[in-house]
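Peer 1: take this sequence and fold it.
(4 chains)
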2 protein chains.
Amino acid sequence: MIKLKSDEIKEAALKYFTIHGYEGASLSQIAEEVGMKKQSIYGHFKGKDDLFLQVLRDAKETELSSKLQYFSEVDSLTPEKDLYGFLNLVIDLFQKNEQLKFWLRISFFPPAHLEKSIEKEVVDIEEKVQAILENKFQEWIDAQLIVGDAAKTPTYAFLGVVDSIMLELVYGNDEHRLIEKLEASWTVFWRGISLH
Amino acid sequence: MIKLKSDEIKEAALKYFTIHGYEGASLSQIAEEVGMKKQSIYGHFKGKDDLFLQVLRDAKETELSSKLQYFSEVDSLTPEKDLYGFLNLVIDLFQKNEQLKFWLRISFFPPAHLEKSIEKEVVDIEEKVQAILENKFQEWIDAQLIVGDAAKTPTYAFLGVVDSIMLELVYGNDEHRLIEKLEASWTVFWRGISLH
DNA sequence: AGATAACTGACGAACGTTCGTTAAATAATG
DNA sequence: CATTATTTAACGAACGTTCGTCAGTTATCT
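Peer 2: This is a model prediction of the structure:
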């Protein structure tokens, strides 16, 4: 199984966009990474923006599918296990998948001239994840497995926990601290929505 | 009260660094904002890095002093009011103070060649805020006003809530959503640490 | 007159991009 | 099979621009 040159380029671009951002990443560096000159990139992509947007869409797909897949697999009524498992999934994905790091950086600090189109993709993903999460919480509420808030309350709170974990990941210089923050946030969150 | 030209430059630089990041901000744009040529900036700063680092240190001071001041003023034993007030302070500061936005962006995505020195400043601030917060929680725990965890647990969990709120702020295209996330996170968090 | 501050001019380097060319791989033709 | 013709991919060279930076000059004000 050989890998396409355009995929190699996207791979290198992903790396540099993630580390240096859109403006900080240069085509010559990306080209050098795959062993060619920057002009050759134009044989595969229309330009820097095109390359960037293709990397963006790949990352979006990865992010979306991996998250949706998780919740399609857990259909049991065990919120404690499912939610904690999701947090660990996020950590796992983030650490071994460059695309999630890219996605996080670009969704919060997009290049100004592409802001509008990026925002659309981000909102799109966000709504889908939120919707499926809200459904799950509603099921658990109906089954009286967690406290009877409006479903939006635990949904937003949980998304907040996910965000804070992701921030700790991107900051990412202290694995031990990450674990501690995860445990702390999870402990308090779960106590905040569980019946006891 | 006249304002120094160098402060005007720093003000403009803060704006462009915040919006476009280090690499995306150009000296000519910054100079134009204050009505001068980019070469004239060198009469006030040694170069781009110097300007950036001075902006960084100003932002650090603002961030640190405003947060520390808040907790020095609330010495009462009313965790619910104090913590919720802190979240609103963060929102308030963020919305009217460009320096906090700058600080957030740069602390998570610093320019690569200044990463080390920036990280030192970030860790410095983080430790101080965490320390003072941990002390407060310890007091409340001792006074049996909140649940008797290790003080680190509510501290980390609360810092997580702060982070998630800040992320929503930087994402910042929906004021209504921000309020909802704040209320949801706060509701669950408080229920997670309060005695009931 | 002396000092301060902004100016003009110019620098090398890097940027993203386009052009025309060359070499290799593939398809079409005898 | 051998020989053209066609497409593909990477190339060097150069484009115009912008970048950050340095030096020298002019204007402003005590």
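Peer 1: SS state for residue A:124?
Peer 2: Under DSSP: H, G, I helix; E, B strand; the rest coil, residue A:124 falls in the helix class.
Peer 1: can you list the residues that contact stretch A:3-20?
Peer 2: A:24-26, A:29-31, A:33-34, A:41, A:44-45, A:51-52, A:54-55, A:58-59, A:98-99, A:101-102, A:105-106, B:23, B:112 (C-beta atoms under 8 Å, 6 or more residues apart in numbering or on different chains). (Glycine included, C-beta is placed from N, CA and C.)
Peer 1: who's in contact with residue A:154?
Peer 2: Residues touching residue A:154, when contacts are defined by C-beta under 8 Å, 6+ apart, comprise A:137, A:141, A:146, A:147, A:193, B:184, B:188.
Peer 1: DNA strand C contacts on chain A?
Peer 2: Within chain A, the positions adjacent to DNA strand C are A:25, A:26, A:27, A:28, A:29, A:38, A:39, A:42, A:46, A:47, A:48, A:49 by C-beta under 7 Å from any atom of the strand.
Peer 1: look at the first one and report its pLDDT.
Peer 2: Read it as residue A:25. Confidence per residue is given as pLDDT, and for residue A:25 that number is 97.
Peer 1: with residue A:186 instead?
Peer 2: 98.
Peer 1: next one: residue A:2
Peer 2: Taken from the predicted model, the pLDDT recorded for residue A:2 is 59.
Peer 1: and which of the residues of chain A next to DNA strand C is nearest residue B:175?
Peer 2: residue A:49 (30.4 Å; C-beta to C-beta).
Peer 1: list the contacts of the closest one.
Peer 2: Taking C-beta under 8 Å, 6+ apart as the definition of contact, the neighbours of residue A:49 are residue A:114.
Peer 1: show me which residues of the helix or strand harbouring it are buried.
Peer 2: The secondary structure element spanning residue A:49 is helix A:48-73 (assigned by DSSP states H and E). Buried residues in helix A:48-73, defined by neighbour count with 16 or more other C-beta atoms under 10 Å in any protein chain shown: A:48, A:51-56, A:58-60, A:62-64, A:66-67, A:70-71.
Peer 1: follow-up on the earlier one: adding neighbour count, write the contacts of residue A:154 out as TSV.
Peer 2: Converted to TSV, the contacts of residue A:154 look like this (neighbours: other C-beta atoms under 10 Å in any protein chain shown):
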residue	neighbour count
A:137	24
A:141	19
A:146	20
A:147	17
A:193	25
B:184	22
B:188	26
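Peer 1: of those, which belong to helices?
Peer 2: Using DSSP state H, the subset of these located in helices is A:137, A:141, A:193, B:184, B:188.
Peer 1: which one is the fourth one nearest to, not counting chain neighbours?
Peer 2: Taking C-beta to C-beta, 6 or more residues apart in numbering or on different chains, and ignoring the residues beside it in sequence, residue B:184 has residue A:156 as its nearest neighbour in space, at 3.5 Å.
Peer 1: what is the burial count for the one you found?
Peer 2: 25 (other C-beta atoms under 10 Å in any protein chain shown).
Peer 1: that one in helix, strand or coil?
Peer 2: helix.
Peer 1: ok, back up a step: right, and the helix or strand after the helix holding residue A:49?
Peer 2: Where DSSP H and E defines the elements, the next helix or strand beyond helix A:48-73 is helix A:79-96.
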